[in-house]
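Asks: Sequence first, then the predicted structure, then my questions.
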Amino acid sequence: MSKKLTLVFLLTFFASNVAHAIILDFSGLASGNTGSSSLTVGDATFDVVGGTVFVYGPGDFGNFDNGGICALSGGNCETDWTLTFDYAVTDFIFEAAVYDPVDSVLVEAFNGATSLGVIDVFENNTYSFGSAVITSLYFDDSSTGAGFGFGDFSFNRSTAVPEGGTLAFLAIGLLGVVVQRLKRVL
């Protein structure tokens, strides 16, 4: 009996901790210049410095599966912007599409006020900060051409602190093991 209970506990515990990728989907938004410097999609907010958010639909520039954005200023996608999450995320991945090969963007990841590192974006590619726990990113655009479009953003909610449900399953499983051990002793 205790082996079955332990097995059920372990399966439930690990199943509750399996990461489920969250994808920012722009496909329901109208393509084009939003006229706003801020846009919230899902659990993330894009804030453009001195410009507006431009939305790409799926298959538009960059051929992003779920659409994407650029930070528009003066008719080009070449101004700075931030991406802030409602909660800490990990396994952050995004794609970049460049208009001109001379353009580049430095993307800096943060956990609160702590810098986690910088990625130099200079070509069409997929970029990732690996398993770093991120709360926001800053896109420092130094493009002199038409700039970059970004899309296919995906990430996982950070599980650095166990959720209540996970702790409850852990407690139930441990209680079951203790009860079985006590039955054997008595």
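Replies: Perfect, thanks for sending it. Numbers count the residues shown, from 1 in each chain.
Asks: which stretches of the chain form strands?
Replies: Taking DSSP state E, the strands of the chain run over residues 22-23, 32-33, 38-41, 44-48, 52-56, 68-72, 81-98, 105-111, 114-121, 125-128, 134-141, 148-157.
Asks: Compare those strands and give me the one nearest G62.
Replies: strand 81-98 (3.0 Å; C-beta to C-beta). Using the backbone N, CA and C atoms, a C-beta is placed for each residue, glycine as well.
Asks: Would you mark the buried spots in the closest one?
Replies: Going by neighbour count (16 or more other C-beta atoms under 10 Å), the buried part of strand 81-98 is 81-85, 88-98.
Asks: would you list the strands of the chain in a markdown table and tack on distance to G62 and mean pLDDT?
Replies: Formatted as a markdown table, the strands of the chain follow (distance: least, C-beta to C-beta, whole Å; pLDDT from 0 to 100):
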| stretch | distance to G62 | mean pLDDT |
| --- | --- | --- |
| strand 22-23 | 15 | 94 |
| strand 32-33 | 15 | 95 |
| strand 38-41 | 16 | 97 |
| strand 44-48 | 16 | 98 |
| strand 52-56 | 7 | 95 |
| strand 68-72 | 6 | 95 |
| strand 81-98 | 3 | 96 |
| strand 105-111 | 14 | 97 |
| strand 114-121 | 12 | 96 |
| strand 125-128 | 11 | 94 |
| strand 134-141 | 15 | 97 |
| strand 148-157 | 5 | 94 |
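Asks: for those strands, which one ends up most surrounded?
Replies: strand 68-72 (a mean of 27; mean count of other C-beta atoms under 10 Å).
Asks: residues touching the residue nearest the centre of the chain, list them.
Replies: The centroid of the chain falls nearest to F155 when counting by C-alpha atoms, centre = their mean (3.3 Å). By C-beta atoms under 8 Å, 6 or more residues apart in numbering, the residues touching F155 are A21, I22, F85, V89, T90, D91, F92, I93, I134.
Asks: The closest residue in space to T52 that isn't next to it in sequence and L116, how far apart?
Replies: Spatially, and ignoring its direct neighbours in sequence, T52 is nearest to L72 (5.1 Å; C-beta to C-beta, 6 or more residues apart in numbering). Distance, L72 to L116, using C-beta to C-beta, to the nearest Å: 27 Å.
Asks: Was I right to think the residue nearest to T52 contacts N33?
Replies: Yes - if you go by C-beta atoms under 8 Å, L72 and N33 touch, sitting 6.0 Å apart.
Asks: Now do the shared contacts for those two.
Replies: T52, V53, F54.
Asks: Do I have it right that the last one meets G35?
Replies: No - because the distance of 9.9 Å does not satisfy C-beta under 8 Å, F54 is recorded as not touching G35.
Asks: list residues touching both of those two?
Replies: With C-beta under 8 Å, 6+ apart as the test, F54 and G35 reach no residue in common.
Asks: residues contacting D140?
Replies: Counted by C-beta under 8 Å, 6+ apart, D140 has contacts D80, V105, L106, V107, E108.
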